[in-house]
Each structure stands twice: as structure tokens, then as C-alpha cells.
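In: Sequence first, then the predicted structure, then my questions.
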Amino acid sequence: MKDTPCLPVVLPEEFWVFAYGSLMWNPGFPFLEVQAGRIDGYQRSLSVLSTIYRGTPERPGLVMGLDKGGYCSGLTFRVAPENVQATIAYLDEREQVTRVYCPHLFDTLLNDGRWVQAYTFVVRREHEQYAGKMSLEHQALLVAQGVGLKGRAIDYLANTLAHIQELGFSDRQLVKVLELARAHVAQEQAPA
């Protein structure tokens, strides 16, 4: 299937970045303010096969993408005007290694009641790394096996869940995937 090109993003006057995965605990760019935030119409999901950062082509891991449906709570970072272009370049280098995401702006409700437009990445469903809907067991197997340049997929999922819980939210499906993945790892490490 041919990839559909990403639509251009017109940057708002005040630049915010919405984080729903590893950017929550490791943004990697300077920011002026951070607020919990929520976007509607898209949800966090384990929907991207990781073949570099949290897995390899032979043993892919599984990482987050924003996919259609529901809503997503995360962290929203306000970036100083003088740092916007450097932040976009950094995010593009970090998140767009295989072009599995498209940058997007979302109306985002901040915890303090303000509405802002926030820049984030949406998974491209037509991309070869899009994992789509799979059973929790299959997700757990990929999370358990994935190890790449930035570490283990199971640690990535655990960190993401820890930050979601710090925000006062829960995701029962992701919690179940983590439990199953930990059981797979324990089983692999058990003496024969």
C-alpha cells in the first residue's frame, strides 16, 4: 500500500507539543511550561512496530501511536518562540526516522481550562510499521521481545503507564499488556 503524504502543518502563534508516549518522561527539548492535556478523536495505542528504537526488523517491539477513536490524556509542553524551529527539527529527527507518523495540530484542553493547539504525531495507518488492531496477547509478545537502540519495549510501556498514572488516569488494556509481557519475560528467564 502506498503511503499518503502528510498534510502541511501551519504553526500557531503559541507553540505547544502534546506528548503521549516517551516524550512525557523524556521530552529532550527546552520548554517554558508543562500542563496535563487532553485531545479528543484520537487515542493512545500500541500500534507501531518498532524496528530501531525498541526492537529490530527481525524481532520488532511495539510502541505507541495516536490512532483514530476515543481520547488521549498526556502532557503538553509550551515552547519559547525562539526554540520552535529547533524543537520541530529535533522532534522530526527523533520521531520520523521511518516516517511512520504524520505531524498534526490538535485542539487540546489543558488541565487549567485553557484550550491550545498542540503539535504531535499521528500514526500513518498505511505505513508498513502500522500494527493496527491485534490481540492483547500478541501485543504482549512484541513488547516482551522488543529491544532496540533506546532500550526495551517493556520498559518503554512501563514508563508510559507510570506517567499516565501520575496524571490520574488509567488504561486497563495497556496495564494488561504490561502484565502479560512481564509474564512472558519471567517465563523466558525461568530455568528450564
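Out: Received the coordinates, thanks.
In: for the chain, which spans come out with low pLDDT?
Out: By pLDDT under 70, the weakly predicted segments of the chain are 1-3, 192.
In: could you show me where the helices are in it, in order?
Out: 84-95, 136-145, 153-166, 172-189 (DSSP state H).
In: just the ones you listed: most buried one?
Out: helix 136-145 (a mean of 21; mean count of other Cβ atoms under 10 Å). For the C-beta atoms, the positions are set from N, CA and C on the backbone; glycine is no exception.
In: and the angle from that helix to helix 153-166?
Out: Orientation check (axes from the mean of the first three to the mean of the last three Cα atoms, to 10 degrees): helix 136-145 against helix 153-166 gives 110 degrees.
In: on contacts alone, who are the packing partners of helix 136-145?
Out: strand 33-50, strand 61-79, helix 153-166, helix 172-189 (3 or more Cβ pairs under 8 Å, 6 or more residues apart in numbering; DSSP states H and E).
In: Out of the ones you listed, which gets nearest to Glu14?
Out: Between Glu14 and those, the shortest gap by Cβ to Cβ is with strand 61-79, which sits at 6.9 Å.
In: Okay, angle between the closest one and helix 136-145 too, please.
Out: 80 degrees.
In: What are the buried residues along strand 61-79?
Out: Under the neighbour-count criterion of 16 or more other Cβ atoms under 10 Å, strand 61-79 has 61-67, 72-79 buried.
In: gap between Gly146 and Glu33?
Out: Gly146 is 33 Å from Glu33, where distance means Cβ to Cβ, to the nearest Å.
In: which of the two has more neighbours?
Out: Neighbour totals were compared for Gly146 and Glu33, and Gly146 leads with 27 against 12 (other Cβ atoms under 10 Å).
In: picking that back up, closest one of the buried residues of strand 61-79 to Ile39?
Out: Cys72 (5.4 Å).
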